[in-house]
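Asker: A structural model of the following input is requested.
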Amino acid sequence: MKNPNNEQNTLNTFITTLTASHVNATISQRQSEQIINATDNSIYESKPAAVIYPKTAQAIQEILTLGNQDTYQHLHFTAKVSATGCNGQSLNTGIIIDISRYMHAIGKINNVSPADRATIGDMFSTDASGKGSMR
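Answerer: Sure thing, here's the model as predicted:
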């Protein structure tokens with residue numbers, strides 16, 4: 001049986017270690033950030049324990065490298081871009097890595113679906129743009 005105190009301690013240790021590493025990201029455990037990130041375009045709601053807003057691709061790599069250490073293996077990470085998914089794909093009770101706040105540049109993309117609401121991140125995470133839309 002899981003011990004919620006151990007899980008909270010592990011999460012707190014992860015956040016403290018990540019903060020001490022001076023990762024180029026904003027890290028939040030504020031209730032307001034948790035509530036904002038608890039919903040997407042679906043009927044589901046799941047409040048995350050923390051939200052991290054990376055500012056660079058290197059920051060994402062550092063976050064996931066730390067998260068891949070044995071100590072943090074049971075922590076759950078979910079990438080979130082615009083939360084337009086209709087099936088709760090971007091929701092998580094663990095750690096949300098929200099790319100949308102700081103990372104806006106997109107490399108070369110060919111033949112993208114003309115959907116007016118989906119973003120590139122949503123298309124990648126759910127293959128929502130159809131087979132062959134991305135090269």
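
Asker: For the rest of this, base every contact and every neighbour count on C-alpha atoms.
Answerer: Fine.

Asker: all helices of the protein, in order?
Answerer: 4-20, 31-36, 57-67, 120-126 (DSSP state H).

Asker: can you list those in a markdown table and add mean pLDDT, mean neighbour count and distance to residue 81?
Answerer: Output for the helices of the chain, formatted as a markdown table (pLDDT from 0 to 100; neighbours: other CA atoms under 10 Å; distance: least, CA to CA, whole Å):
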| stretch | mean pLDDT | mean neighbour count | distance to residue 81 |
| --- | --- | --- | --- |
| helix 4-20 | 90 | 14 | 21 |
| helix 31-36 | 93 | 14 | 13 |
| helix 57-67 | 95 | 16 | 13 |
| helix 120-126 | 60 | 16 | 6 |
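
Asker: For residue 49, which of those helices is the nearest?
Answerer: Relative to residue 49, the nearest member of the helices of the chain by CA to CA is helix 31-36, separated by 6.9 Å.

Asker: so what does the closest one touch, helix or strand wise?
Answerer: Secondary structure elements in contact with helix 31-36, counted by 3 or more CA pairs under 8 Å, 6 or more residues apart in numbering; DSSP states H and E, are strand 50-54.

Asker: so for the strand it packs on, what's the average pLDDT?
Answerer: Mean pLDDT, strand 50-54: 96.

Asker: so how far is that strand off the chain centroid?
Answerer: Remark: strand 50-54 is offset 7 Å from the chain centroid, using CA atoms, centre = their mean, to the nearest Å.

Asker: partners of that strand, with directions?
Answerer: Under the criterion DSSP bridges, strand 50-54 sits next to strand 25-28 (antiparallel), strand 95-98 (parallel) in its sheet.
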